[in-house]
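Colleague: got a structure for you, letters missing:
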């Protein structure tokens, strides 16, 4: 009987793509998925190490799965924690059977070697076992993340990712499109550490994100981008995003105080960001915005905090996350003073989160009575262009599980996962919307230049 595996994924969408690639590899090696971790011969934990809270969650998960494993099962730790702290992790946690950093197979029987070799344009080292280009299994939902690059060339003051993910290494457009076509999904969510810089490392230093978006839009009804640095949000990129039919802008802002952003080694300020968002809303009134902000970065003053509060209140983002600053070894921010006391930082977090919760609820209420085009993700659940999968709210659909909703006039045919439908929003509950009866709709077509009309 074939050995069984279980993989637990922590962290960001990019990690989820890595796990999909690992699953494809294990299936090719003859393993089969287990129904639960207790049944697996091989338990893989794909870890996150972005901030202290994520590292602790990774460690807790390793311990929980180790305790629950069946006798003789192997626990392998991979992902960012393994890459960043491999030797220390192995020494500190005897509960781990094996640590497999990037470029090392998680299956002992694999013929793929753990050594690193090869040097592409730009001088980046490529693992012999390269997750970025491995095949993956069929998508389990009507949408899928597609990672278009690995690593990052930026040196933001709070972020250690370049130290263990390495410099940016973009895939070819051809390899990305082959993966998109094989997934056979209705929505592709493009992800990378620095998405808008896609292609800059491939010889001539030219970003190729716009041509990539156009080509993906030829193949799937919806294309979504997570996430974008505001300095790279060109007019051409804005037009391309709006033309996909998913005018969703996930912008990496991190703060709005100009002095604090410079201490973060970041570009821009609140006035620049607000003007750019207003310009996008003039072009596309239905545009949705998401961003994240760091609270408590060294040197953050009350004035900085007040500026952020005023910005959030003024621009009214659809979705927003606020995260406590985490001091990361080896980063610029780790050596900065003065530190913001934890108590004060937490007070600021609570104030910002309370404000944004109110804004999000108000913006959801404003959509009651409007008609939306939505994608049915599963029984009773859908999303419009304004909701990214897994991180935003959803649209609750009428109808019983497995049948979807039905049109109001004449009993239109049932809609199910992967179908597009139109519906009127009849209510809102927290971050979620509630839809009335569904009317089946044809998949939309992009209007990106060079792709064709609807």
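Modeller: Right, received. Where do you want to start? Everything quoted here is computed from the prediction, not taken from an experiment.
Colleague: Just give me how far the longest helix that the chain contains sits from the chain centre.
Modeller: The residue-count maximum for a helix in the chain (DSSP state H) belongs to helix 342-366. Centre-to-centre, helix 342-366 and its host chain are 22 Å apart (CA atoms, centre = their mean, to the nearest Å).
Colleague: next SSE after it?
Modeller: strand 371-378 (DSSP states H and E).
Colleague: measure residue 347 to residue 295 for me?
Modeller: According to CB to CB, to the nearest Å, residue 347 stands 10 Å off from residue 295. Just so you know, the C-beta spots here come from the backbone N, C-alpha and C atoms, and that holds for glycine as well.
Colleague: Look at the two and report which has more neighbours.
Modeller: Comparing residue 347 with residue 295 by other CB atoms under 10 Å, the one with more neighbours is residue 295, at 24 against 14.
Colleague: Now the terminal residues of stretch 64-79, how far apart.
Modeller: Counting by CA to CA, to the nearest Å, you get 17 Å between the two ends of stretch 64-79.
Colleague: Could I get the buried residue list for it?
Modeller: Buried positions in stretch 64-79, judged by neighbour count with 16 or more other CB atoms under 10 Å: 65, 66, 69, 73, 74, 75, 76, 77, 78, 79.
Colleague: Then stretch 39-51?
Modeller: 40, 41, 42, 43, 44, 45, 46, 47, 48, 49, 50, 51.
Colleague: just those now: which is nearest residue 284?
Modeller: Closest approach between these and residue 284, by CB to CB: residue 50, at 31.3 Å.
Colleague: my guess is the closest one meets residue 12, correct?
Modeller: Yes. Between residue 50 and residue 12 there is a contact under CB atoms under 8 Å: 7.4 Å.
Colleague: Walk me through which strands the regular element (helix or strand) spanning residue 425 pairs with, and which way each runs.
Modeller: Per DSSP H and E, residue 425 falls inside strand 420-429. Strand 420-429 has the following strand partners under DSSP bridges: strand 371-378 (antiparallel), strand 432-435 (antiparallel), strand 439-441 (antiparallel).
Colleague: Tell me the buried residues in it?
Modeller: 420, 421, 422, 423, 425, 428.
Colleague: for stretch 323-337, same thing?
Modeller: In stretch 323-337, counting by 16+ other CB under 10 Å, buried: 323, 324, 325, 326, 327, 328, 331, 332, 333, 336.
Colleague: Ok, stretch 232-245 next?
Modeller: Buried, per 16+ other CB under 10 Å, within stretch 232-245: 232, 233, 237, 238, 240, 241, 242, 243, 244, 245.
Colleague: for the nearest residue to residue 257 once chain neighbours are set aside, what are its contacts?
Modeller: Spatially, and ignoring its direct neighbours in sequence, residue 257 is nearest to residue 304 (3.9 Å; CB to CB, 6 or more residues apart in numbering). Listed by CB atoms under 8 Å, 6 or more residues apart in numbering, the contact set of residue 304 reads 255, 257, 259, 260.
Colleague: same check, this time on residue 23
Modeller: Per CB under 8 Å, 6+ apart, neighbours of residue 23: 5, 7, 33, 136, 137.
Colleague: can you list the domain ranges for the chain.
Modeller: 4-100, 131-365, 371-441 (automatic domain parsing).
Colleague: Which of the ones you listed sits closest to residue 106?
Modeller: Here domain 4-100 is closest among those (CB to CB), at 4.9 Å.
Colleague: That closest one: end-to-end distance?
Modeller: OK, domain 4-100 end separation, CA to CA: 18 Å.
Colleague: And residue 46, which helix or strand is it part of?
Modeller: Assigned by DSSP H and E, residue 46 falls in strand 42-47.
Colleague: list the helices and strands that strand packs on?
Modeller: strand 4-9, helix 13-28, helix 52-68, strand 74-79, helix 80-92 (3 or more CB pairs under 8 Å, 6 or more residues apart in numbering; DSSP states H and E).
Colleague: Name the stretch among these that sits most buried.
Modeller: Per residue and on average, the most neighbours among those fall to strand 74-79, with a mean of 24 (mean count of other CB atoms under 10 Å).
Colleague: gap between stretch 388-400 and the chain center?
Modeller: For stretch 388-400, the distance to the chain centre is 17 Å (CA atoms, centre = their mean).
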